[in-house]
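> Have a look; sequence and predicted model below, questions after that.
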Amino acid sequence: MGDDEYFTLDELVSSETSESAVVYGAIEDEEEKCTFPKGYLKRQAVFACKTCYEITGKRAGVCYECSMHCHAAHEIIELYTKRHFRCDCGNSKFKGAGVCSLWEEKDDVNIENKYDHTFDGVFCTCLRPYPDPEIKENEEMYQCSICEDWFHLQHLNMPFDFQPNDDFEELVCPNCVKRFPFLWLFYYCQMQSRNAENANHFSDCSSPKKAKPDDIINQPEAPGSTEACRVPYVLSVCGVEKLDPPPADMVRLTVNGFPFPSPIFWCNDWRTDTLCDCNSCEKMLENMGLEFLLDPEDSVVHYMAVGRQRVAELHARRESICRFKEALTNFLTKPREQNVVTEEEVKEFCEDLKKDL
């Protein structure tokens with residue numbers, strides 16, 4: 001999370017920066033529209049309006065366009081991105097504060113939206129704003145891929161000089177690790193594989209042996225079964241019998257000196273390479289409300305990649321339009337006898353355009 005400025009869509013397209021990617025990960029064109037009609041988006045940039053919050057006392061989030069148009073003169077809090085969120089601008093949460101000028105027909109409440117203290121403008125376990133006016137140099141913050149709160153490394157109980165590995169992709173905060181201990185088991189297995197001196201001693205967690213779905217918790221491997229499940233192998237490596245083992249079993253499962261529940265700094269592609277997506281595990285994640293972990297389009301990494309691609313495409317489109325205007329102007333202002341444009345000249349102009357654009 002950085003101390004970013006706000007940009008118009010024109011500026012965003014021109015900048016091709018991370019700020020533009022945050023917005024265009026959920027916006028497919030340059031039209032100034034509220035995202036409410038699109039429903040609950042898998043992920044989008046979300047903003048909280050502090051000015052309206054001081055009037056209503058209700059937590060709410062708005063999309064980028066509403067933050068720029070309906071709340072242009074207000075104090076806005078950037079929340080970066082949120083999953084499965086629908087724009088609240090102008091609904092009952094804003095009663096007495098204002099209406100949505102981009103899309104007035106809103107549900108009274110978006111019942112599937114989730115709100116936490118970040119909508120109050122405070123983050124981390126320290127519950128401080130970002131940037132913090134009481135700190136000269138604001139420390140970089142990391143977003144948990146599950147609860148989506150932001151954290152300072154020092155408040156994750158990490159050493160002062162700790163830095164994630166170069167292939168770091170997503171964080172799971174200690175509180176979420178404690179809520180979902182199976183993640184620590186998969187993480188432990190992954191790191192055992194990575195740290196093993198002998199590759200044959202610990203198989204790669206992304207290439208487990210086969211097991212029947214019904215046997216994923218307590219049974220050993222079932223050679224020759226047709227559906228792969230990674231759980232039996234993970235349990236074997238961790239030396240536990242189930243995915244929610246007693247605290248005494250978790251205490252001994254330290255990773256590089258860090259005990260459970262410490263933050264997990266997942267490496268690249270951990271969702272597909274480390275987690276299991278067999279039918280039984282998929283059902284387990286769904287019951288926990290974590291089904292999004294198996295959705296490749298859920299991660300911020302994917303979202304930002306889509307955003308950068310869209311910005312690049314829009315930038316290229318703008319350049320093409322500029323070149324077309326310049327070429328057309330030159331063509332029409334070219335000196336001609338009696339100012340007559342021949343059919344042959346038009347054909348030649350069109351052919352040249354095809355080559356250039």
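Looks like it came in fine. Residues are numbered from 1 along each chain as shown.
> need the contact list for the most centrally placed residue in the chain.
With distances taken as CA atoms, centre = their mean, the chain has residue 300 as the residue nearest its mean C-alpha position (2.3 Å). Applying CB atoms under 8 Å, 6 or more residues apart in numbering, we find residue 300 in contact with 43, 81, 143, 145, 170. Backbone N, C-alpha and C define where each C-beta goes, glycine included.
> Let me have the residues you listed in JSON lines, extended by distance to residue 254, secondary structure and pLDDT.
As requested, the contacts of residue 300 are arranged in JSON lines below (distance: CB to CB, whole Å; DSSP: H, G, I helix; E, B strand; the rest coil; pLDDT from 0 to 100):
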{"residue": "43", "distance to residue 254": "33", "secondary structure": "strand", "pLDDT": "96"}
{"residue": "81", "distance to residue 254": "32", "secondary structure": "strand", "pLDDT": "94"}
{"residue": "143", "distance to residue 254": "25", "secondary structure": "strand", "pLDDT": "95"}
{"residue": "145", "distance to residue 254": "22", "secondary structure": "coil", "pLDDT": "97"}
{"residue": "170", "distance to residue 254": "21", "secondary structure": "strand", "pLDDT": "95"}
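> Next, format the residues you listed as CSV and append neighbour count.
What follows is these, written out as CSV (neighbours: other CB atoms under 10 Å):
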residue, neighbour count
43, 25
81, 21
143, 20
145, 23
170, 20
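> mind checking the SS state of residue 232?
Reducing the assignment to helix, strand or coil with DSSP: H, G, I helix; E, B strand; the rest coil, the entry for residue 232 is helix.
> can you put the contacts of residue 300 in CSV and add distance to residue 109?
Compiled in CSV, those are given as follows (distance: CB to CB, whole Å):
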residue, distance to residue 109
43, 21
81, 22
143, 26
145, 26
170, 30
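> low-confidence ranges in the stretch 51-200 of the chain?
Scanning the stretch 51-200 of the chain for pLDDT under 70 picks out the ranges 197-200.
> Okay, strands next: where are they in it?
In the stretch 51-200 of the chain, the segments counted as strands under DSSP state E, counting those that start in this stretch are 76-85, 141-143, 150-152, 168-172.
> all helices of the protein, in order?
With DSSP state H as the criterion, the chain has helices at 9-15, 18-24, 50-56, 64-69, 174-179, 182-195, 231-238, 247-251, 270-273, 279-287, 300-332, 343-356.
> closest one to residue 75 among the ones you listed?
Taking CB to CB as the measure, the helices of the chain were each checked against residue 75, and helix 50-56 came out nearest at 4.2 Å.
> Of all the residues in that closest one, which ones are buried?
Under the neighbour-count criterion of 16 or more other CB atoms under 10 Å, helix 50-56 has 50, 52, 53, 56 buried.
> Please put the alpha-carbon coordinates of that helix into CSV.
Output of helix 50-56 as CSV, limited to C-alpha atoms (Å, rounded to 0.1, in the frame of the first residue of the first chain):
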residue,chain,number,x,y,z
LYS,A,50,-14.7,9.7,5.2
THR,A,51,-16.8,12.7,4.6
CYS,A,52,-20.0,10.7,4.2
TYR,A,53,-19.0,8.3,7.0
GLU,A,54,-18.9,11.2,9.4
ILE,A,55,-22.5,12.1,8.5
THR,A,56,-24.0,8.6,8.4
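> what does that helix contact?
Contact partners of helix 50-56, identified using CB under 8 Å, 6+ apart, comprise 59-60, 71, 74-77, 93-98, 119-121.
> Top of those by number of neighbours, please.
Of the contacts of helix 50-56, residue 60 is surrounded by the most neighbours, 25 neighbours in total, counting by other CB atoms under 10 Å.
> Next, count neighbours for residue 122.
Residue 122 has 17 neighbouring residues, counting by other CB under 10 Å.
> Let me fix that, I meant to ask about residue 260.
One way to gauge burial is a neighbour count; for residue 260, by other CB under 10 Å, it gives 22.
> give the contact list for it.
Contacts of residue 260 were listed using CB under 8 Å, 6+ apart, and they are 177, 178, 181, 184, 250, 251, 253, 254.
> Tell me how many other residues crowd the third one.
For residue 181, the count of nearby residues is 20 (other CB under 10 Å).
> According to the record, where do the domains of this structure fall?
32-120, 141-196+230-298, 302-356 (the TED database).
> So for residue 23, which of those sits nearest?
Taking CB to CB as the criterion, domain 32-120 is the member of the domains of the chain that comes nearest to residue 23, at 4.9 Å.
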